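Asker: When you get a sec, could you give me coordinates for this:
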Amino acid sequence: MAHQHHKGHDHSHAHPDLKGRNLVISIWLNILITIAQIIGGLISGSLSLLSDALHNLSDVFSLVISYIATKLSQKKASTNKTFGYKRAEIIAAFVNASTLIIVAIILIKEAIERFIHPQEIESDLVIWLSFLGILANGFSVLLLKKDAENNMNMKSAYLHLLTDMMASVAVLIGGIVMKLYKIYWVDAALTLAIALYLIYMGYDLLKASTRVLMLFTPNTVPVQKIVEAIEKIEPIKNVHHVHIWQLNENEVHLEAHIDFKKDIKLSEFDGILERIEAEVYHKYGINHVNIQPEFGKCDSKQIIVQD
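Answerer: Residues are numbered from 1 along each chain as shown. Presented below is the predicted three-dimensional model:
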């Protein structure tokens, strides 16, 4: 069994301390907003403000989960954890995407109830507190935006904050409409719109993190094309029993059995392995290659993918 790997440039861990610091700032900002909005929502009777507070509370939990995952992912591998905690951030992304959808379902239920039983709302307080939410969440969104581009965990935290900022904008608009026109159902309508947007945003992230956790082949990696490319290298006869999976954002693994036309030397195999590794890394971003060489072994050579 031979194994080689390329280390790709790691964008998401370039500044782990900065990631952690930005998350801590966002956590404290969201704790303050949550407390302010709960008090304001109870005083004013605004469902959209209380739903915003609920979402902010879920932001606090999601940011704490993201922070813990960021710290865990930096821990070294050990003999009983040979991959270390490299999946910690993917698990955090899965949990946070799930909570986005759960919060959305709760909001839909609350919005329907408020449609049936509309209430008068103290709109001045709603306007000022939603404005506070926009400022604090907007600042947090800017802090996390760069890391969110390359990291599923940070993206999950970023989405919680982005949707919450948008919710605050919706609440602000609703507060102004209620103040000027006394149309109180707009509060429930905006809550429903926010909830549907949360489901829309959370679903893609939930699907992406589930694919990684289930060891599915990344969408950008065409297994058949890779097999055909490797089979063109002399003296390779056949490629079979292929597994390709994503460990985390930065590592894609390939393992395969390769049948050779002749009984080559180990030194020759090393040269062929380097060619395979370079081919799959530069074309498909696969940076860990694990090959089992075979010659004259009696097993099925036709099965490309098998458990």
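
Asker: Which of the three states applies to Asn290?
Answerer: strand (DSSP: H, G, I helix; E, B strand; the rest coil).

Asker: Show me the beta-bridge partners of it.
Answerer: The residues listed as beta-bridge partners of Asn290 by DSSP bridges are His3, Glu255.

Asker: where does it land on pLDDT?
Answerer: Here, the pLDDT recorded for Asn290 equals 95.

Asker: What of Gln119?
Answerer: At Gln119, the model reports a pLDDT of 66.

Asker: Can you list the buried residues in the longest strand belonging to the chain?
Answerer: Residue-count comparison of every strand in the chain, with assignments taken from DSSP state E, identifies strand 236-246 as the longest. By neighbour count with 16 or more other CB atoms under 10 Å, strand 236-246 contains the buried residues Ile236, Asn238, Val239, His240, His241, Val242, Ile244, Trp245, Gln246. In this view, the C-beta of every residue, glycine as well, is placed from N, C-alpha and C.

Asker: Kindly report the same for stretch 95-105.
Answerer: Buried positions in stretch 95-105, judged by neighbour count with 16+ other CB under 10 Å: Val95, Asn96, Ala97, Ser98, Thr99, Leu100, Ile101, Val103, Ala104.

Asker: quick one: pLDDT of the fourth one?
Answerer: Listed pLDDT for Ser98 reads 92.

Asker: Give me the spatial nearest neighbour of it, chain neighbours excluded.
Answerer: The shortest distance from Ser98 to any residue that is not its chain neighbour, by CB to CB, 6 or more residues apart in numbering, is 6.2 Å, and that residue is Leu206.

Asker: can you tell me the helix or strand for that neighbour?
Answerer: Taking DSSP states H and E as the criterion, the element that holds Leu206 is helix 186-213.

Asker: Give the other helices and strands that that helix contacts.
Answerer: helix 47-73, helix 88-116, helix 152-181 (3 or more CB pairs under 8 Å, 6 or more residues apart in numbering; DSSP states H and E).
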